[in-house]
Structure formats: C-alpha cells, structure tokens
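**Student:** all I have is the shape, not the residue letters:
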C-alpha cells in the first residue's frame, strides 16, 4: 500500500490548478501531470495508472467544465486527451526505467556471484600451490618462487611456453614442460628450430608456416592446431599460440607464446562422441522395436477381430430380407466398418512404414483420394508431373497422410465442388498440391502455430517437419484453399529421416 501514497498528491495538484485558474491560467494540467509522473516514478506502473485515472477524472470534471460535469464535452476533449497521452507516456517511461533498474540489479548480483566463485577458485589454487611448496621442500632454494610456480602450473595444465627471435628464429626460451610435450630431454640444452620442426606432422607444417608469416606481416597473434609425431611413433594433438613483441619503433623483434597439449581432451571428446552415438543407436533401435511390436499387436488383435466383425456383417446383410431401410442400414454399417478397417491398416502402415515401389505408392495416394471423395458432390482431378523416383518410407507416409487430411478438410469444411490434386516430382524434391474452390478462410499465422481451431493443419505441419519438408497454406475467404507440401528429394549418403546420425 505504501506504493500508492503518491495518490495523496492529487488533492494538492487540484488545489494548485484551482489557484492557477484564479490567476487566469486556464486548462493547465501541469500539476496533475507532475503528480502522475511522481507516482509512476516512485510507485511503479500500478500507482502511476491509478493516479492518471483519478487526475483525469478531477481535471475533466472540475477544471474543463463549468458547471462541473463528468462526461467530457467536445470542446474539452482535446485538452483531456492531450493530458492523458502525455501522462501515459510518463507512466510508460517509468516502467521502462524500473525494468532497466531491475535488470541492472540482477546483472550486478550475477557479477557478484561470479566474483565470489572466482575468488573461491583462486583460493583453492593457492591452497594447492602452498601444499605443493611444502612437498617440494628445498625447490624454493634452487628456483625463484615465481619461476617454480610457473613451472608447476605448466606441468599441471600441460602448457609449455616459448620465445623466439625473428633474427634466424633463434630460440630464446623453452620451458621444461615444452621439452616434455615435444619429447625432448630438458637437460640437452636449447632445441633448434629444425629439430622442433621435425617433430611436427608433415601435413601440418604448411598451415603453421602460413600462420606465422601472416602474424609477422600483420603484427598480430596467431593460433594453430596441429600434431606432433614423437620418436616412438605416437601422436600428440597440440595448439600453438604466438604473440608478437614490438620494439620502440613498432617493429616485431620476437614472438612469445605457448604450446598446449590437448591430446587427452581430444581422446575424451572422441570417446564421448562414440558413447553418444552408441546411445542414440540403442535408443533408436528400442523405439523402432517398440513401434514394430505395437503395429504387430494391433494387426494381430484389433484388426483381426474387426475383420471378423466385418465378415459377419457381410454374411448377415446377404441373408437379410427385411425392410429396405433396415437392409440399407446394415449395409451402411458394413461400409463404415470396412472403411474403419482400412484406416486402421493405414495407421499401422504409418507406425511401421515400409518402402513402396513408386507405382504402388502413386496408386495408394490416388486410391486414398478417391475413397475420401467417393459419395460426396466434390469432383476430383488428379495429375502427376515429372519422373517418379524412390522416396524413403517416412516421406511416403507424410505425403499420404497430408493428402488424406487435406481432402478430409475439403469434404468436411470447404463446401467445394471441385478439388485438384497435383503430385510433382522435381529435382529438389516432391511437391504435393491440394487445391479446392470452396469458401476458404482467413489464414491466421498465430492460430496456425498455436493450433487453436486448426489441429488438422497443425498436424500436417508437424508431419512435414518430420520428413525435413515444409507445409504452405494459401487461402482467403471466398477464394478457396490450397495446401502445398514440399518434401526434399533423398540424396545419396544422407541419413534416412527419423534415424539418428551414425546409426546403421
């Protein structure tokens, strides 16, 4: 409630405005506007809007009309609207300021948390280094404290440092860890550039030389990932980073840098990728096995039982000699049963798709279209373009199901007299078009995404996405509807849609 205390300033603003009107300054909402801004600035959007409403009512009732009246007159309306507009802008600005202030506070809190985490990490490292110092004992007597810290840090992180002069690329400095990375004995003395280059994989020398030359010309840093081949035949993966050192004239005099041994990280990453691929393959195999089991169970139980029901209905209808209406009713039930049985078989085909030959596939799509249109006043036009080529089972299923759903929508909702189906085989993929001359509808992108009232259209879009395709909807009230499905053509070497990469 403390946020709404600024509302008490409204009577003050009214008194000030009354005083100004007595002094000859009429229709001035400045005091009320200041009150709204103060309320929004200190209280937020809610108090600001409440102050705006109360101020607008008082300003309109007592200062824009004589005698006072609540409803605004045409003459006073511009003054009132001007006041409300600028007061609303002030409330909006206050809300933006408050959001920015909250974001700044959150960012500040996050930064403080990170500072605490980094401080804790530094303290942990310091504790480890202090422990290492105690273990090493007399090492501090041979090496300077900072040099020993650096050597231990490089050993722990598998990072070696180096420095080379650009005059003959003479070695200025090699750390002990760099000797270990390259497979040299640290006690043998400075390693020449030629000896170091012999340890670099021959296929990576060109990239390293190119990066070094470019860095020298541009006076910039360089970073190269390459391999080392050690005398025992083993291979290490490293990253070399270099930084130019400039003299007072701005010329490069030497390069300093580090070499990071990332062999263990690469091996760990490779092992993780292989484990992830095995997990994906196992998961896909389990899903495929479960889908196959469900399809088999439905076929062996529900469909077989429904087939028996249909056969019995057929036998009863053949023996029935009662009234014509009764016979026709039984036959209608039989047709419904047979159509439901066919839908169940198609559902199994969708769960467990099997690749069809192009002739069988085209015949199935055309047959499905004729079955849906059969018995309706809608005329069907069927056309195929291009040279048919094989599609994977998932793409065949998507084309069939989208055609089925689109035609069902035409029959149920479009009030159309004609529907035109065109299946085109193009180099980039298969294109299915279902176009009717019905009443059409206003395409609302938001509702199509949300699915409100358009579950069939949403389902068709999801099916298209499963096969890597796209679904387009063109419609307007009184101009019919066209559903366009595009499915990409299969490419040699591409994984079958619906299967994890790397699976066989």
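**Tutor:** It's in. In this text the structure is predicted, and so the values were computed from the model without any measurement.
**Student:** can you give me the helices for the stretch 251-400 of the chain?
**Tutor:** Here the stretch 251-400 of the chain has its helices, by DSSP state H, counting those that start in this stretch, at 263-298, 304-319, 324-351, 358-373, 393-409.
**Student:** tell me what the fourth one is packed against?
**Tutor:** With contacts taken as 3 or more C-beta pairs under 8 Å, 6 or more residues apart in numbering; DSSP states H and E, helix 358-373 sits against helix 324-351, strand 379-385, helix 393-409, strand 418-426. To be clear about C-beta, it is placed using only N, CA and C from the backbone, and glycine gets the same treatment.
**Student:** switch to 6 Å and redo it
**Tutor:** Helix 358-373 sits against helix 393-409, with contacts defined as 3 or more C-beta pairs under 6 Å, 6 or more residues apart in numbering; DSSP states H and E.
**Student:** check which residues of the helix it packs on are buried.
**Tutor:** Residues of helix 393-409 classed as buried by neighbour count (16 or more other C-beta atoms under 10 Å): 393-407, 409.
**Student:** which of those residues sits closest to residue 176?
**Tutor:** Residue 176 has its nearest neighbour among the buried residues of helix 393-409 in residue 394, at 58.5 Å by C-beta to C-beta.
**Student:** show me the shaky parts of the stretch 401-504 of the chain.
**Tutor:** For the stretch 401-504 of the chain, the stretches with pLDDT under 70 are 444-456, 491-504.
**Student:** what pLDDT, on average, does the helix or strand that contains residue 207 get?
**Tutor:** Assigned by DSSP states H and E, residue 207 belongs to helix 205-218. Across helix 205-218, pLDDT averages out at 90.
**Student:** mind listing residues that contact that helix?
**Tutor:** Identification of contacts with helix 205-218 by C-beta atoms under 6 Å, 6 or more residues apart in numbering yields 222, 224, 226, 252.
**Student:** tell me where the stretch 1-150 of the chain has strands.
**Tutor:** Counting by DSSP state E, counting those that start in this stretch, the stretch 1-150 of the chain has no strands to list.
**Student:** would you confirm that residue 163 contacts residue 172?
**Tutor:** Yes. Counting by C-beta atoms under 6 Å, residue 172 is a contact partner of residue 163 at 4.2 Å.
**Student:** count the neighbours of residue 228 for me.
**Tutor:** A total of 20 residues lie near residue 228 under the criterion other C-beta atoms under 10 Å.
**Student:** tell me the helix or strand right after the helix-or-strand element of the chain with minimal mean pLDDT.
**Tutor:** The helix or strand of the chain with the lowest confidence, counting by mean pLDDT, DSSP states H and E, is helix 445-450 at a mean of 47. For helix 445-450, the succeeding helix or strand toward the C-terminus, using DSSP H and E, is helix 455-466.
**Student:** number of nearby residues for residue 433?
**Tutor:** For residue 433, using other C-beta under 10 Å, the count is 20.
**Student:** now do residue 328 against residue 335, distance only.
**Tutor:** Distance check for residue 328 against residue 335: by C-beta to C-beta, to the nearest Å, it reads 10 Å.
**Student:** give me the mean pLDDT for the helix ranked longest in the chain.
**Tutor:** Counting by DSSP state H, the longest helix found in the chain is helix 77-136. Averaged across helix 77-136, pLDDT comes to 78.
**Student:** and if you look at stretch 177-193?
**Tutor:** Stretch 177-193 carries an average pLDDT of 83.
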